[in-house]
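>>> sharing a model that was predicted from the sequence below.
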Amino acid sequence: MNALTIDSLQFRWPNNTKPVLDLASFALAPGESVLLKGPSGIGKSTLLSAIAGVINIPANAVSVAGTDVGTLSGSARDRFRVDHLGLVFQVFNLLPWLNTLDNVLLPCRFSKRRRDRAGHDPQETARALLTDLGLGDPALMSAPASTLSVGQQQRVAAARALIGAPELILADEPTSALDEATKHQFVELLMRECAQAKAALLFVSHDTGLEQHFDRVVDFRDLNRGASA
């Protein structure tokens with residue numbers, strides 16, 4: 001069973017005649033990492049929204065971990081998202097008043113499945129993830145998210161996405177605010193953590209310098225018949 005399967009996916013925004021998404025097929029195997037590249041504004045983020053069930057899509061078009069996302073109600077999509085997907089975005093969406101450790105544990109608060117898959121002690125699992133990502137200092141773990149640097153917030157967002165071993169990690173331009181050396185280090189850390197969790201990774205970026213890290217590189221303009229450069 002694939003981590004992600006797309007088959008004849010079309011999506012258009014209301015009042016638009018041309019679809020922003022028009023994909024014949026795409027699949028991502030368990031544990032596979034794919035860089036989806038292409039310039040800004042051609043629908044890459046919309047595709048991630050479709051996969052995550054943030055927007056309404058037709059049935060039989062997107063399957064994540066064997067579930068047809070398009071057949072789920074809005075509330076069911078919300079539950080499915082937190083159970084089976086980890087999300088890392090350019091804006092990290094941390095809760096600024098929570099400390100680092102509690103931000104990482106958020107998926108375990110909202111998903112019994114993620115909590116069970118995080119091991120007998122989710123807090124210990126969160127600490128281990130943060131340590132692997134270079135945030136093992138107890139002072140950093142207890143610091144409010146609002147006090148962290150951009151690079152630190154990014155790694156917290158990655159740990160939050162990974163805890164509880166979701167089948168699929170979606171990352172949308174998460175390195176755009178980082179310098180050259182730091183972004184390569186972050187991608188290497190993310191890849192290592194995904195491999196340990198056996199999670200598939202779909203990483204959206206226009207940065208071709210990151211291609212070396214991935215199992216496969218896909219140009220979105222080749223994949224999406226609705227894309228225009």
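Received, thanks.
>>> SS state for the residue nearest the centre of the chain?
Nearest residue to the geometric centre of the chain (CA atoms, centre = their mean): residue 170, 2.0 Å. At residue 170 the chain is in strand, as set by DSSP: H, G, I helix; E, B strand; the rest coil.
>>> over to residue 80?
helix.
>>> residues in contact with it?
53, 64, 67, 69, 72 (CB atoms under 8 Å, 6 or more residues apart in numbering). Just so you know, the C-beta spots here come from the backbone N, C-alpha and C atoms, and that holds for glycine as well.
>>> in TSV, list these along with distance to residue 101.
Formatted as TSV, the contacts of residue 80 follow (distance: CB to CB, whole Å):
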residue	distance to residue 101
53	28
64	28
67	30
69	31
72	31
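>>> follow-up on the earlier one: need the contact list for the residue nearest to the centre of the chain.
Contacts of residue 170 by CB under 8 Å, 6+ apart are 48, 51-52, 85-88, 202, 204.
>>> then residue 151?
Residue 151 makes contact with 178, 182, 186, according to CB under 8 Å, 6+ apart.
>>> top of these by neighbour count?
Most neighbours among these, by other CB atoms under 10 Å: residue 186, with 22 neighbours.
>>> that one contacts residue 171, doesn't it?
No: when contacts are counted by CB atoms under 8 Å, residue 186 is not listed as touching residue 171 (9.9 Å).
>>> the bottom helix or strand of the protein by mean pLDDT?
helix 180-197 (a mean of 86; mean pLDDT, DSSP states H and E).
>>> residue 13: which of the contacts of residue 170 is nearest?
residue 48 (15.3 Å; CB to CB).
>>> next, give phi and psi for that closest one.
phi -60, psi -40 (degrees, to the nearest 10).
>>> now do the strands in this protein.
4-11, 21-28, 33-37, 62-64, 67-68, 85-89, 168-172, 200-205, 216-219 (DSSP state E).
>>> so how far is the second one from its chain's centroid?
Read that as strand 21-28. Offset of strand 21-28 from its chain centre (CA atoms, centre = their mean, to the nearest Å): 17 Å.
>>> same question for the fourth one.
Its chain's C-alpha centre and that of strand 62-64 lie 14 Å apart, by CA atoms, centre = their mean.
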